[in-house]
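Participant: Next input, structure requested:
(chains A and B)
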Amino acid sequence: MFRKEMMDIRWRVLVFFVVFSFLLVGTIALRPFIGELLGASSKELAQLPDFLKNIVGDLTVLNRMEADDEFYLLSQWQGKNMGQFLPLCVLLLVFPLFSREEEKKTLYFLLARFSRQEIYWKKILASFSAVFALLFVFTIAAPASMNLAGYNVGFQYSFLILLQQVLASWFFFGFFVFLSVVFRDQIKPVLWGILFALALPMASLYPPLSWMNPYPYLLGTSVLQTGRIDGVYSMGMIVFGTALIVAASIIFEKKEF
Amino acid sequence: MGINLEEGLQFDHVKKTYRNGVQAVNGITLNIPKGCVHAFLGPNGAGKTTSLKAALGFISYEGTVRWDGKPIEENRKQVVFVPEEKRFYEHWTLSETLKICTQMDTRLNSEKMQAYFHFFELPTKKKIHSFSLGMKTALYLSLAFSTEAEYIVLDEPTSGLDPIKRDDVLEIIRQRVIEGKTVLYTSHIIPEVEKIADTFSILRHGLVVYTGNLDGLKEKFRVFTFSKEAWQKQKAPKDVIVTVNQNQVSVLTDSDDAISLWNKEKDCFCEVPTLESFFQLTIRGERHV
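Facilitator: Residues are numbered from 1 along each chain as shown, chains lettered A, B, ... in the order given. Next comes the predicted model:
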């Protein structure tokens, strides 16, 4: 059944593989220009009056990005070009997992052959393996490609951010699997999934709910700032993600088809 | 001789009420012995598919269903199912189906499956989304017939098939029963059921209104046809099912008293029911008990 799930997901994985490959090439190819641009910008911005500097934010980030190839890669690749697409990537890989089988009535083929637990956990394993494989490949590929392009970049922080991104993906994965199990068609899981991905940062604009925005964690901000993993948030991602996966398995076990 | 509850399929007081309040199955109790074709007959909404779904564990229900004395969860490997809606993984080709399904379901015999694909003349390189309904039915049947499962559950298994292939499928089903398999079958096509079923149950409003075999039916039941005027002169006896048509009244009965009374009556016509007429009268008729 694992193979069948891989067959189902292969084209979507391939699309993200191509998209990420283009983005990665672009990120590396633009390094000299971005460096020059940021250098020039930071000099101009340094001459701004203080109140405008406050609006612009921390200029040391720009200076660091200009001077530090590794910081540039981490902030522009995992922290931006790949990172920001992760919720969308997880959503598109996961939303049809159960809802399409139910909508197209192919679920009967599986239900007649396997226990619901077997169906559920094999689908979970296959689809999360695909998410993890994409993340892992493009996390490794980024510093490796930078080194091949003649820059000197380490892997350590990439792996720390990878860990955070895997856990954040697990959280989003759990929610999207939940939607895929609950709804009987394919449209609602996508709409609710997009709404959820947008609602979290919106909710965090209200200060007491600022912790609800998972994007700084997902994009590795704490790793870039402190060089360490955000342990508390990581635990939160594991707990919420797992709780959603378990809840979805209970619903799937009891659902009528 | 008592019924062996460790063998065959047993429905025991099975009830199903959906959340919207629709009572689809209203207390079915049925014993289907091994090694036969048992057909479920009934109009739309009679509870045929719901009964199958309950038996296969797709929906929750009250009562119990046992396959050789075990719940479906413990006996799933002995059951194959062809659903009413024959939709399959539409982006696969037939060769992919063969590879993936034999890898997924170890019961499937790859050579048999290929032979059935060939028999049904299914194109191996075309995607399944380009298949007609009949071809999709043939695909599902190929999957069902390529295992050695003891129970073959078929929900409208000939939908979309041409008459020749339909006869071939009935022949294959017959062959599987000779090999000792048990077939549970639903269909709207009564001549088809008449051709193949050893026993059948007629469902109406979620209840089994008759269960038995065709010979028993022909032996026990008679249909008497009266003109409306002649029927009005009759004293309505018990245990009859009455159907009023435009100019005549058909009465189905297995009551010895009624049969001996009306056999002497000159104003009526007596005949042995066919399955078709029996079904029509059972479903359309009004029961006088």
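Participant: Tell me which helix or strand A:Leu45 sits in.
Facilitator: Per DSSP states H and E, A:Leu45 falls inside helix A:31-46.
Participant: buried set for that helix?
Facilitator: A:Arg31, A:Ile34, A:Gly35, A:Leu38, A:Ser42, A:Leu45 (16 or more other CB atoms under 10 Å in any protein chain shown). From N, CA and C alone the C-beta is placed, and that goes for glycine too.
Participant: Please apply the same query to stretch A:131-145.
Facilitator: Using 16+ other CB under 10 Å as the test for burial, stretch A:131-145 gives A:Val131, A:Phe132, A:Leu134, A:Leu135, A:Phe138, A:Thr139, A:Ala141, A:Ala142, A:Pro143, A:Ser145.
Participant: who's in contact with A:Phe109?
Facilitator: Contact analysis of A:Phe109 by CB atoms under 8 Å, 6 or more residues apart in numbering or on different chains lists B:Pro83, B:Phe88, B:Tyr89.
Participant: Could you report the neighbour count for B:Asn31?
Facilitator: Neighbourhood size, B:Asn31 [other CB atoms under 10 Å in any protein chain shown]: 17.
Participant: quick one: it from B:Phe278, how far?
Facilitator: Distance of B:Asn31 to B:Phe278, computed by CB to CB, to the nearest Å: 21 Å.
Participant: thinking again about what came up before, quick one: which two of the buried residues of helix A:31-46 are the most distant?
Facilitator: Taking CB to CB, the two most distant members of those are A:Arg31 and A:Leu45; they sit 20.3 Å apart.
Participant: re earlier: out of the buried residues of stretch A:131-145, list just those in helices.
Facilitator: Using DSSP state H, the members of the buried residues of stretch A:131-145 that fall in helices are A:Val131, A:Phe132, A:Leu134, A:Leu135, A:Phe138, A:Thr139, A:Ala141, A:Ala142, A:Pro143, A:Ser145.
Participant: Now those in JSON lines, please, with extra columns for pLDDT.
Facilitator: Below are those laid out as JSON lines (pLDDT from 0 to 100):
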{"residue": "A:Val131", "pLDDT": "96"}
{"residue": "A:Phe132", "pLDDT": "96"}
{"residue": "A:Leu134", "pLDDT": "95"}
{"residue": "A:Leu135", "pLDDT": "95"}
{"residue": "A:Phe138", "pLDDT": "96"}
{"residue": "A:Thr139", "pLDDT": "94"}
{"residue": "A:Ala141", "pLDDT": "95"}
{"residue": "A:Ala142", "pLDDT": "94"}
{"residue": "A:Pro143", "pLDDT": "94"}
{"residue": "A:Ser145", "pLDDT": "93"}
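Participant: Pipe those residues into TSV and attach distance to B:Met113 per row.
Facilitator: Below are these laid out as TSV (distance: CB to CB, whole Å):
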residue	distance to B:Met113
A:Val131	33
A:Phe132	34
A:Leu134	34
A:Leu135	38
A:Phe138	39
A:Thr139	42
A:Ala141	41
A:Ala142	45
A:Pro143	48
A:Ser145	45
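Participant: Nearest to B:Gly57 among those residues?
Facilitator: A:Val131 (30.5 Å).
Participant: Let me see the ranges of the strands in the stretch 1-150 of chain B.
Facilitator: Using DSSP state E, counting those that start in this stretch, the strands of the stretch 1-150 of chain B run over B:9-17, B:23-32, B:37-41, B:62-67, B:79-82.
Participant: Compute the inter-axis angle for the third one and strand B:9-17.
Facilitator: An angle of 20 degrees separates the directions of strand B:37-41 and strand B:9-17 when computed by axes from the mean of the first three to the mean of the last three CA atoms, to 10 degrees.
Participant: Check which helices and strands strand B:37-41 sits against.
Facilitator: Contacts defined by 3 or more CB pairs under 8 Å, 6 or more residues apart in numbering or on different chains; DSSP states H and E place strand B:37-41 against helix B:48-56, helix B:163-178, strand B:182-186, helix B:190-196, strand B:199-204.
Participant: right, and these - which one's nearest A:Ser204?
Facilitator: helix B:48-56 (44.7 Å).
Participant: The closest residue to A:Leu107 other than its chain neighbours: neighbouring residues, count only.
Facilitator: Excluding its sequence neighbours, the residue lying closest to A:Leu107 (CB to CB, 6 or more residues apart in numbering or on different chains) is A:Glu101, at 4.0 Å. Around A:Glu101 there are 21 other residues, counting by other CB under 10 Å.
Participant: Ok, B:Val242 next?
Facilitator: Per other CB under 10 Å, the neighbour tally for B:Val242 reads 19.
Participant: Who are the contact partners of the residue in the stretch 101-250 of chain A positioned nearest to chain B?
Facilitator: Per CB to the nearest CB, the residue of the stretch 101-250 of chain A with the smallest distance to chain B is A:Ala112, at 3.8 Å. Taking CB under 8 Å, 6+ apart as the criterion, A:Ala112 is in contact with B:Leu56, B:Arg76, B:Val79, B:Val80, B:Phe81, B:Pro83, B:Val153.
Participant: Report the two of those separated the most.
Facilitator: Spatial extent of the contacts of A:Ala112 (CB to CB) is set by the pair B:Arg76 and B:Pro83 at 15.1 Å.
Participant: Which one's more surrounded, the two?
Facilitator: More neighbours surround B:Pro83 than the other of B:Arg76 and B:Pro83, with 25 against 21 (other CB under 10 Å).
Participant: How many residues are close by A:Leu224?
Facilitator: Neighbour tally, A:Leu224, other CB under 10 Å: 19.
Participant: Could I get the contacting residues of it?
Facilitator: Applying CB under 8 Å, 6+ apart to A:Leu224 gives the contacts A:Phe71, A:Leu74, A:Ser75, A:Gly79, A:Tyr157, A:Ile161.
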